[in-house]
Structure formats: C-alpha cells, structure tokens
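> sequence first, predicted model second:
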Amino acid sequence: MASDASFANLLECPICYEQFKTAPKQLPCKHTLCEACLHGLVQYNSIICPECREESPVPPGGVAAFPNDLTMQRFLEHHRTKALQTHTGQSHPLRSPIKKPVDHSPVDLQRSLQGTLLLMERDKDVFTKANQSLQEERQRYQQWRAAAQKRIIDVLDHVEGIVRQRKGQLLKDIETIYQRALLSVETEDVKVEVKKQGMDKLCVALREKLSQSATVGTRNDHDQVVTMVSQAQAVDASLRGGIELQLTQLNLLETGMDDLLSGIRGWGQVTATPQIHKIHPPALPTSPSIPPPPVLLGHSKMMTGPAMTSHQGMVKPSGQLSKTQTTTAASQHQQQQLKQVPVLQQQLKQVPVSQQQQQQTGGGSGQSTPQVHQEQVHVPPQVQQQSNESQSLKKSQVTPVKAPHSSHIEQHQEPSSRYASMGQMSIQFGYDGGPGLLSSPLAVAELPNGTMAVTNGMTYEIKLFNNQGNHLKSMSLPSRGSFKHGLTGIAVHPAGHMCVSNPDRKEIQLVSVEGQVKGQLRVKVSIGEEKFCPWGIACSSQGVMYVCDRANHRIRVLNATGAHVSSFGGRGKDFGKLDCPTGVALTPNGQVAVADSNNNRVQIFTPEGGFVRSFGMEGSGLGELKGPSAISIDQNGYMAVSEMTNNRVQIFTPAGQPLVVFGKAGAEGGQFASPRGITVSRDGKVIVCDTKNDRVQVFQ
C-alpha cells in the first residue's frame, strides 16, 4: 500500500497537490504542472518553474499551448483503472455486485418492528429541538438588529457632528473674510473721497483765478497762475489713466464634494447570508430488551465489505472524495450513525464551536459563510466498534488526499470575496534561527521575481526570502553614528533597485538586488524643521518617490532623479495635516494614501498633495484604527492596513469602507505583537511584519 500511495503522490501537481484532472502540461525544463497552476505562474509573459526556477516564455497560444505530458497521462489512466479494479474486485469497472434476496426469520422481523418504532419515537424530538432553535434564532436576529441600528446611528451621528462642525467653521470663515473685504472697500472709499475733495478745491481756485485774470498785472501773479494751471493739468492727466481700487475676490471652493457624497451614499451594506442549521435526533440507546433493528434489505455479506457508491455510471469506493454520492450499500441507518462518530470525537476533545467554525471558514472573517451546526449525540458501542473497523478499512484502501494550495484558486476570485474570507495564516518565517533569523522586522516589499525583501529594525540588514519563506540571501548596509531605528521602509524602484529608508543616516539608500549601495538621497529641510527622518516609502511607475518624513510630519516628494521637489502635510489634526506618518502607498489612479499614525486614520491626497478624503477614527471596532503603521494597496485599489496598537490587520475597499479585520495580540499563528510593515503580493497574499514576534506572516 505504501508503494501505491507513493505512486499516487507522483501523479499530483507539485503546486496544488491535486491529482491531474485535465491533461498535464510539460514545461521546457521537463517538469509537469496542471494547467490551472500554470495560469497563476504567468508573469510578464513568462513562467518561472517552481521546481528548478528555470524561466520559460509562454507560447503564442497561451498556457494551453504547452505540450501535454503523454507519459504522465498513461500513468494516470493506469492508476485509475487499477484503483477501480482493486475496490470492485472485478475486471470490468462498470459491473457492480449482484444482490441476492434473503428470507428473514420472524425474530428478525419482530426486532425490526421494535427498533423502527423506537426510532420513530426518538425522531419526533427533532421537531421540539427545531422549534427551540428557531426561537433562539429570533432572539439573535433581534440582538443583531439592535446592534446594527446602534452602529448606524453612532456612525452617522458622528458624521453629522463633523458636518455641523464644518458648517459652523465655514460660516465663520465666510463672515471673517466678508468683514475684511468690507473694511478694504471702506478704506478705498475714503481714499477716493480725499482725492475728490482735493480736485474740488483745485477747481474752485482755478475759477477764482479765471475771474481775476483781467487784473493780473504783476509778475508774481502771473507765476502763480502758471503754477496752478500746471498742477491742475497734472491731476487731470492722472485721472485719465483711471483710479486703482484695492479690492478682494471672494470664492467658495467646493472641492471634495463628489467624493464626500459618494462616500456617504456608499457607506454600509446590509446583507443576509444563508446558513444551514442541521438538527439531529438523539442516537438510538442500546438496551438488552430492545436491540437496534437489523437491516432487511440486500444480502448480509454486503455489510462486511466497503460500501459502494454510484456516480454518473462509474462505481467508486465510498472512501473516495465525491460531492454527490448515491449509497447502494444495505445499511443506510448505520452509515448515518457512523458519520456522527467524528462529531462525538471532537466533542470528547472539548473543542469550542468557535474554533471549529474558524477552521471551516479559514479563520475569523467579516463575512459569514454557510455552517453546519450539529447537536451532541450518543453513539452506541456497537456503532462505535463498526466505525473503528470502517475507519481502519478506509485507511487501508484509500490514499490520503492532500489539501489543495489555495493561492492559485483565490487569484480567480473577486477581490472582495477573497479578502472577506482571509485570515488564515499560510506560512511564517524568520523566527526559527539560522541565517534567515529576523530581528524586529519593520518593512517588507515584493521584488519583480516574487522574492520577499524584509528590513530589520535592530540591524542594518535586508533579508531575501522566496515565496515559501526559505531564506535566500542577507545584505548588510553601511552604518554611521549611534544606532536608533534600523531600516524603516522599503520600496521597489521601476529601474529594479530597492529604495530603503535609513533614518539613522538621514537618507534613502538605493540598493541593488545583489546588495550593492548605488547611491544615497538626502533632503534639505527648511529652517526650523527637524532633520530628515525617512520612514515609509512608495515609488510610482515613473520613478517618483513619496517618503514619510516622520519627524517633520510631512510627505516628501522626490522626482525620478532623486531631487526633492515638494512636500505636503505638516503637524496637526485637521484634514490634510499629519502626525507622525509612517506608511505610504499609491492607489491605481496615482493618489497617495498615508497611514497617519498618531491621528489614527488614513488620508488620501492627490499626487500634488491636495487633500481628497480621510477614513478611520480612533477605536478597536470594524473601520476604526489605532496606531496604523503601514499601508499597502493592490492592483484593484483594496487597501491593507497594519495596526500597531490594535495588533491586527484591516482590509478596506477602494472607497475606504471596512471589509474584514483579522489578528489579535499574541504569539500564535495568526496573532501579532506590534505589526508594522505590510505588503499585498501580486497574487493577493497579505504579507505582514510581526515586529515584536521577530517573524513575517503570510495570509491568503
């Protein structure tokens, strides 16, 4: 059996661990994968083999144009035929055993009647349990309604309060600007009146001299008239050029109105997800006087062998996995009781229902999924013994089936569905010693080849890991002065090198993937500002860098040549102001998203630094933030935010609506201790620097 199991493992795709269902595809390096996984490996019209890392171009016809592995196909056909023949005991895979009629004794009939009556009396209790469950469900609905109503009222009241506050501030600003403009008009009016009075006096004097012109005889009188006429002509000439009035243009700019209204209209979604609540009757008690009813259908020998199931004309062993099975074995009642045995075993282990649900749904999520609730049952000793025999028989006949790798399936899901079911950690690395040991990792980025680059907070090192968490390389960067922060940010430049924030050196270091420092970028701050303290960093496709200057509470903008061209922000709590920003990312349309850490919010800016919108407020509920330390945005605009104080990760929609939150304080898998750096990989994984646990966790 061991050799059969090993042979079956060779017939599985090395990526998803599922047996090849369609024709297996062979890469030029001679490694074989399934077509679905090959689609997930395509990057820049090429595929890197996960077995040997050899890069192969995708044929013009796409992944389907790769040649089929004919040898693997023949092995698959042989394996399936042999499996069917082994389980049926026949050479013809479609021929099922012939059932022979059996004559039953009066004692068997009497026992069957007694057992059937007992089952009927027992099964009637299921209606009482169903009524109780429905009543409990009504109470849960009422509690949900009250909680949802309170949440809506609280949020919208808060929004209404902000609107009232903004309304009062705008009206106050209007009144202030109006009074200033009015005062400037009054000042200009006084200036005009003074000029007018001077003009009137000059005209009166000219009239007097004109009336006395006939008596002008002396030289002195003549000179006075000439002087007065010259002054009058000069004043008149100045009037022809017009009078300048110092006035003020008043404007009301309604920027952000569309985003504001869109955000309010799109906030909140009330959904109802169907659930399956299965209620089982109590198990049949064993009693010497009333034994369980014997099976009166089919041949008695059919109970000793493995039950056979029919699906689409093919005969399969019941131990194989199948979604639709029609039982052709004799004892349906005993099979139903056998299915209850794993439930009883879980109850004996005292596993909480919440943990079972998390295992079924892949961890905590903000979206409910259909669940099956089972009541506690008592399993008779006879059934328990039959279950053990059946389980041992299945283990000896059925090759274990490995769980498929979910990342290649999730790539084809809608982003909201994929993130809503996220929360299960797939791998963790960096904590188990060796050259890949991490020490307070602060930032992470995905390189173009899929490698993960992680910066340390306690050393000046960058460590590279593959997508399985295996350490590839460590790179040490030059240090200077006293150690304080380490390497706090990392981003990939379109030219291929890494941009690394080093606040201890007050610079951004440009590092090649081989570990060579190609240059340093520094920012000359204004008089009165603190020294440049780079933290989170993001690069656009044109090479423009946006850097969090944590000490000066600003975002610095560096052009493609590395020159500092502008900045925006400044310390404060108003919209557009920042307080210790530590994370920055770019949306698909080029806007700048900033993790405004001490203000417990995320702000969105235009590429030029104009305020667009803000979301989040201090708290630990859904949509609330406490200490957002880093942010990453996927190609669809969904935002992943790590919360240092709440010890969790929260996913937001492109509009800033909360979608799901996962994680809590702790050191177990899926738990965090002051998470900092975060990035969303190209295949939708969320990679988090679990800083104080000295590790990186990957979620999908």
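Cool, the structure landed.

> what's whichever strand or helix holds Arg613 in contact with?
Using DSSP states H and E, Arg613 sits in strand 611-615. The list of residues contacting strand 611-615 from outside it, by C-beta atoms under 8 Å, 6 or more residues apart in numbering, reads 256, 259-260, 263, 575-576, 591, 596, 601-606, 623, 652, 656-657. To be clear about C-beta, it is placed using only N, CA and C from the backbone, and glycine gets the same treatment.

> put the buried members of the residues you listed into a ChimeraX selection.
The command below creates a ChimeraX selection of those among these that count as buried (16 or more other C-beta atoms under 10 Å):
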select :260,263,591,596,601,602,603,604,605,623,652,656,657
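
> ok, back up a step: quick one: name whatever helix or strand follows the strand holding Arg613.
Of the helices and strands lying after strand 611-615 in sequence (DSSP H and E), the nearest is strand 628-633.

> can I get that following strand in PDB, CA atoms only?
What follows is strand 628-633 as a C-alpha-only set of coordinates in PDB (Å, rounded to 0.1, in the frame of the first residue of the first chain):
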ATOM      1  CA  PRO A 628      -1.900  52.500  11.700                       C
ATOM      2  CA  SER A 629       1.700  51.900  10.900                       C
ATOM      3  CA  ALA A 630       1.800  50.800   7.300                       C
ATOM      4  CA  ILE A 631      -0.400  50.500   4.300                       C
ATOM      5  CA  SER A 632      -0.300  48.600   1.000                       C
ATOM      6  CA  ILE A 633      -2.700  48.800  -2.000                       C
END
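
> tell me which other helices or strands it touches.
Under the contact criterion of 3 or more C-beta pairs under 8 Å, 6 or more residues apart in numbering; DSSP states H and E, strand 628-633 touches strand 581-586, strand 592-596, strand 601-605, strand 639-643, strand 675-680.

> quick one, helices of the stretch 401-550 of the chain?
Under the criterion DSSP state H, counting those that start in this stretch, the stretch 401-550 of the chain contains helices at 407-410, 415-420.

> which of those has the lowest average pLDDT?
For the helices of the stretch 401-550 of the chain, the bottom mean pLDDT is recorded on helix 407-410, which sits at a mean of 37.

> Lys484 contacts Pro503, correct?
Yes: using C-beta atoms under 8 Å, Lys484 makes contact with Pro503 at a distance of 7.3 Å.

> for the helices and strands packed on strand 628-633, which one sits closest to Ser56?
When the helices and strands packed on strand 628-633 are ranked by distance to Ser56, counting by C-beta to C-beta, first place goes to strand 675-680 at 26.5 Å.

> partner strands of the helix or strand following that closest one, parallel or antiparallel?
In the C-terminal direction, the helix or strand that comes right after strand 675-680 (DSSP H and E) is strand 686-690. Listed by DSSP bridges, the sheet partners of strand 686-690 and their directions read strand 675-680 (antiparallel), strand 695-699 (antiparallel).

> out of the ones you listed, which is closest to Met639?
Taking C-beta to C-beta as the measure, these were each checked against Met639, and strand 675-680 came out nearest at 8.7 Å.

> using CSV, list the CA coordinates for that closest one.
What follows is strand 675-680, C-alpha atoms only, in CSV (Å, rounded to 0.1, in the frame of the first residue of the first chain):
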residue,chain,number,x,y,z
PRO,A,675,2.8,44.6,13.4
ARG,A,676,4.5,47.2,11.3
GLY,A,677,5.4,46.7,7.6
ILE,A,678,2.8,45.2,5.2
THR,A,679,2.5,44.5,1.5
VAL,A,680,0.0,42.8,-0.8
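
> list the contacts of it.
With C-beta under 8 Å, 6+ apart as the criterion, strand 675-680 contacts 441-446, 454-455, 457, 489-490, 582-583, 629-634, 638, 640-644, 647-649, 663, 686-691.

> filter the residues you listed down to the buried ones.
Buried subset of those (neighbour count, 16+ other C-beta under 10 Å): 441-446, 454-455, 457, 489-490, 582-583, 629-634, 638, 640-644, 647-649, 663, 686-691.

> tell me the mean pLDDT over stretch 434-449?
92.

> ditto for stretch 203-221
71.

> so who does Glu507 touch?
Taking C-beta under 8 Å, 6+ apart as the definition, contacts of Glu507 comprise Gln520, Leu521, Arg522, Phe532, Pro534.

> Ala130 touches Glu136, doesn't it?
No: here Ala130 does not reach Glu136: they are 10.8 Å apart, not a contact under C-beta under 8 Å.

> what stretches of the stretch 351-500 of the chain score poorly on pLDDT?
Low-confidence segments of the stretch 351-500 of the chain, defined by pLDDT under 70, are located at 351-414, 480-482.

> and what of the stretch 151-300 of the chain?
For the stretch 151-300 of the chain, residues meeting the criterion pLDDT under 70 lie at 213-220, 273-275, 277-278, 280-300.

> the helices in it, which residues?
For the stretch 151-300 of the chain, helices defined by DSSP H, counting those that start in this stretch occupy the ranges 219-240, 257-266.

> take those helices and lay them out in a markdown table including distance to Ile174.
Formatted as a markdown table, the helices of the stretch 151-300 of the chain follow (distance: least, C-beta to C-beta, whole Å):
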| stretch | distance to Ile174 |
| --- | --- |
| helix 219-240 | 36 |
| helix 257-266 | 17 |
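
> what's the closest of these to Met72?
For Met72, the closest of the helices of the stretch 151-300 of the chain is helix 257-266, at 49.7 Å, according to C-beta to C-beta.
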